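*Asks:* Sequence below, structure please.
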Amino acid sequence: MLRSSEVNEIVAGEIDRAKGSGAANLACDLKENFVGLSRDKIQNILDTDESHYHRNPNFMNKATLKPVRARNVHIRH
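*Replies:* Numbers count the residues shown, from 1 in each chain. Presented below is the predicted three-dimensional model:
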């Protein structure tokens with residue numbers, strides 16, 4: 001078990017060791033040694049970590065998807 005203050009340090013060290021792999025890979029690697037670290041917790045830490053954010057930015061200004069509805073079969077748009 002880890003204290004909540006130690007979690008950020010452990011995850012930051014694992015990010016450097018794993019060379020910036022994603023939250024799912026980190027969760028699998030850390031699951032063997034630590035209890036209570038979920039993928040969501042690790043993703044929240046990655047989202048707030050400045051060094052990781054600058055390497056892998058998340059762009060939130062993407063356009064929303066709009067479904068295309070066809071009136072007939074094989075209609076051209």
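
*Asks:* C-terminal to the longest helix seen in the chain, what's the next element?
*Replies:* The helix that spans the most residues within the chain, counting by DSSP state H, is helix 4-18. On the C-terminal side of helix 4-18, the closest following helix or strand by DSSP states H and E is helix 23-31.

*Asks:* which secondary structure elements does the helix or strand following that next one contact?
*Replies:* Once the chain leaves helix 23-31, the next helix or strand it forms, by DSSP H and E, is helix 39-48. Where contact means 3 or more C-beta pairs under 8 Å, 6 or more residues apart in numbering; DSSP states H and E, helix 39-48 is packed against helix 4-18, helix 23-31, helix 50-55. Any C-beta I mention is one placed from the backbone N, CA and C, and that applies to glycine too.

*Asks:* buried ones in helix 39-48?
*Replies:* Neighbour-count burial for helix 39-48, with 16 or more other C-beta atoms under 10 Å as criterion, is recorded at Ile42, Ile45, Leu46.

*Asks:* Could I get the contacting residues of the residue nearest to the first one when sequence neighbours are not counted?
*Replies:* What that stands for is Ile42. Counting by C-beta to C-beta, 6 or more residues apart in numbering, the nearest residue to Ile42 once its immediate chain neighbours are dropped is Ala23, at 4.4 Å. Contacts for Ala23 (C-beta atoms under 8 Å, 6 or more residues apart in numbering) come out as Arg39, Ile42, Gln43, Leu46.

*Asks:* Glu14 reaches Asp29, doesn't it?
*Replies:* Yes: here Glu14 reaches Asp29: they are 6.4 Å apart, a contact under C-beta atoms under 8 Å.

*Asks:* where's stretch 7-21 relative to the chain centroid, distance-wise?
*Replies:* Relative to the chain's own centre, stretch 7-21 is displaced by 13 Å; criterion: C-alpha atoms, centre = their mean, to the nearest Å.

*Asks:* ok so, going back, which one of the helices and strands packed on helix 39-48 lies closest to Asn72?
*Replies:* Asn72 lies closest to helix 23-31 among the helices and strands packed on helix 39-48, at 42.0 Å (C-beta to C-beta).

*Asks:* For that closest one, buried residues please.
*Replies:* Ala23, Leu26, Ala27, Asp29, Leu30.
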